[in-house]
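**Student:** Generate coordinates for the sequence data below:
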Amino acid sequence: MNSVGEECSELKKTYDTCFNRWFAEKFLKGLAEEDKDCNNIFTAYQSCVKKALKLQNINITEIEKDVLGTAEENQPPPHS
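**Tutor:** Numbers count the residues shown, from 1 in each chain. Model (predicted):
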């Protein structure tokens, strides 16, 4: 599947490959330490996606809000 922004698709594929390799070769074998290379690729991909969403006038404020452990957690969505 391609990314939300075509310009981000190659980064997404690179990250997916990195993550899948880490998951299969490390995580499933009990080695849960993070892969710094995958983290760096993810950060670049995340930045690209945020930029693409902004260019498409998609507001991401609501999805970035931290609600875990707050009164908003497990609340039904507001009615539109």
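
**Student:** Give me the most central residue, the protein.
**Tutor:** The residue lying closest to the centre of the chain (CA atoms, centre = their mean) is Q46, at 5.9 Å.

**Student:** surely A52 meets G5?
**Tutor:** Yes - checked against CB atoms under 8 Å, the pair A52 and G5 is within contact range at 2.5 Å. Heads up, the C-betas are built off the backbone N, CA and C, glycines and all.

**Student:** Now for the two: what residues contact both?
**Tutor:** Both A52 and G5 lack any common contact, where contact means CB atoms under 8 Å, 6 or more residues apart in numbering.

**Student:** How are the helices of this structure distributed by residue range?
**Tutor:** 9-25, 36-55, 61-64 (DSSP state H).

**Student:** one step back: and the residue nearest to the centre of the chain, what does it touch?
**Tutor:** No contacts exist for Q46 under CB under 8 Å, 6+ apart.

**Student:** Local confidence estimate at it?
**Tutor:** Q46 is assigned 94 on the pLDDT scale.

**Student:** circling back: for the helices of the chain, which has the smallest mean pLDDT value?
**Tutor:** helix 61-64 (a mean of 78).

**Student:** Quick one: residues in contact with that one.
**Tutor:** Against helix 61-64 from outside (CB under 8 Å, 6+ apart): no residues.

**Student:** same question, stretch 37-44
**Tutor:** 11, 14-15, 18-19, 22.
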